[in-house]
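> Give me a 3D structure for the following:
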Amino acid sequence: DTSSLTVPDKYMQDTTPAMPSMTRDWALCRWFALEHGIVAIPCSPFYSPENRELGKDLVRFAFCKTDDTLQEAYDAFSKIPQH
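Numbering: from 1, shown residues only. From the prediction side, this is the model:
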């Protein structure tokens, strides 16, 4: 649950060919990747259009990584401000 994180407005206002109407989880994943080097998977695309809002605070991660990569991710997460 990512609801305690504030997504910068510029990411909420972005659009992409894959997400012409930006959802919060998609914007959060772009922010993580572009500014923190952490790649996450937005969950809203896995919901039907009428239920897409249910995934707005959820993201997925793949943990099939080396211990060093996981440590780097932990270090990057610890630098993300929470509100």
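> Could you check the pLDDT of the residue nearest to Arg52 when sequence neighbours are not counted?
With sequence-adjacent residues excluded and distances taken as Cβ to Cβ, 6 or more residues apart in numbering, Arg52 is closest to Ser44, at 4.7 Å. Bear in mind the C-beta positions are built from the backbone N, C-alpha and C, glycine included. With respect to pLDDT, Ser44 has a value of 93.
> Make 27 the starting number, not 1.
Got it, the first residue is 27 from now on, which makes the last one we talked about Ser70.
> Could you pull up phi and psi at Ser70?
Dihedral angles of Ser70 (phi, psi; degrees, to the nearest 10) stand at phi -60, psi -30.
> for it, what are its contacts?
Shown here is Ser70, whose contacts under the criterion Cβ atoms under 8 Å, 6 or more residues apart in numbering are 49, 51-52, 78-82, 84.
> cutoff 6 Å now
The contact partners of Ser70, taken as Cβ atoms under 6 Å, 6 or more residues apart in numbering, are 49, 51, 78, 81.
> possible to save these as CSV with pLDDT and distance to Val65?
Listed next are those as CSV, based on pLDDT from 0 to 100; distance: Cβ to Cβ, whole Å:
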residue, pLDDT, distance to Val65
Thr49, 92, 17
Asp51, 96, 13
Arg78, 90, 21
Gly81, 94, 17
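> Where is the longest helix in the chain?
Ordering each helix of the chain by length in residues (DSSP state H) puts helix 93-103 first.
> what helix or strand does the closest residue to Pro34 other than its chain neighbours sit in?
Of all residues beyond its chain neighbours, the one nearest Pro34 is Trp57 (6.0 Å), with distances taken as Cβ to Cβ, 6+ apart. Of the helices and strands defined by DSSP states H and E, Trp57 is found in helix 50-57.
> which helices and strands does that helix pack with?
Using 3 or more Cβ pairs under 6 Å, 6 or more residues apart in numbering; DSSP states H and E as the contact criterion, the neighbours of helix 50-57 among helices and strands are helix 35-39, strand 67-68.
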